[in-house]
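Q: Sequence first, predicted coordinates after that:
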Amino acid sequence: MDLTLISHHLCPYVQRAAIMLAEKGTPFTRRYVDLSAKPGWFLAISPLGKTPVLVADGEPLFESAVICEYLDDTLAPRLHPADALRRARDRGWMEFGSAILNTIAGFYNAPDAQALEARRGELRDRFRQVEDVLAGAGPYFAGERFGMVDAVFGPVFRYFDVFEQLGEPGPFAGLPRVQAWRLALAGRPSVQAAVAGDYGERLTRFLRDRGSELSRRIAQRLG
Ligand SMILES: N[C@@H](CCC(=O)N[C@@H](CS)C(=O)NCC(=O)O)C(=O)O
């Protein structure tokens, strides 16, 4: 199969597909687009104008969840569990990961300190829910085997590595299972390889340019 992943350097949804492909050991090409100046060829294959798009043997597929399911249907090893009930449960937690991404965007776009703290509180509540569902032995979401929920949460946790470097405390205090999961995902080669080496600097520039409360704090801290 000839696979091209249409990407953006910071997009967490793109990272899901890149992680899936790495877990399957499948070679693929990456092509980056500037989402602030979307080229015509991209708009022609991305109905919502969003990354990721996976071009599979010339056929463009959009929506990260659809792309991940397609990759799991067609390439070994299978990441989804064989049992339909467990698969359905995991899909729910993948959606939950997308909801957390929306709250993260609310956090870095928060216009003032009050809104920033409100979003931080929401993140804490969300991860408390994750703590409660992580009852197994780990190291991954469903135990020993790396699965699709892990591919979703690797990019989620990556934001907090940068937030913490910038002096913003993460929402993980008192959540030991979440912390252990975060560490396990950070050490996974597929998760590490899903972004370029300059991801931290790129994300820092992006955050600094938001005109948000976080942007002002970063500007103050970095000088
Ligand atoms: N539901 C989509 C979300 C993808 C998405 O929001 N992509 C962002 C970048 S991370 C994007 O392309 N934004 C550009 C825009 O909305 O104009 C998916 O899961 O693929």
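A: Everything's here; your move.
Q: how close does residue 16 sit to residue 87?
A: The spacing between residue 16 and residue 87, counted by CB to CB, to the nearest Å, is 16 Å. C-beta here means a position set from N, CA and C on the backbone, and glycine is covered the same way.
Q: quick one, which of these two is more surrounded?
A: residue 16 (28 against 15; other CB atoms under 10 Å).
Q: my read: the more buried one touches residue 152, true?
A: Yes: in this structure, residue 16 is within contact of residue 152 by CB atoms under 8 Å, at 5.7 Å.
Q: Can you name the residues of this structure that neighbour the ligand?
A: Within the chain, the positions near the ligand by CB under 6 Å from any ligand atom are 8, 11, 13, 35, 49, 50, 51, 52, 63, 64, 65.
Q: Buried members of the residues you listed into PyMOL, please.
A: If you want just the buried ones from the residues of the chain next to the ligand in PyMOL, going by 16 or more other CB atoms under 10 Å, the selection is:
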select buried, resi 8+11+13+50+51+52+63+64+65
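Q: Name the nearest residue to residue 35, ignoring sequence neighbours.
A: Of all residues not flanking residue 35 in the chain, residue 8 sits nearest, at 5.4 Å (CB to CB, 6 or more residues apart in numbering).
Q: ok, longest helix in this structure?
A: When the chain is scanned for its longest helix (criterion: DSSP state H), the result is helix 84-109.
Q: all helices in this structure, in order from the N-terminus.
A: 12-23, 40-45, 64-74, 84-109, 113-133, 148-165, 176-186, 189-192, 199-208, 213-222.
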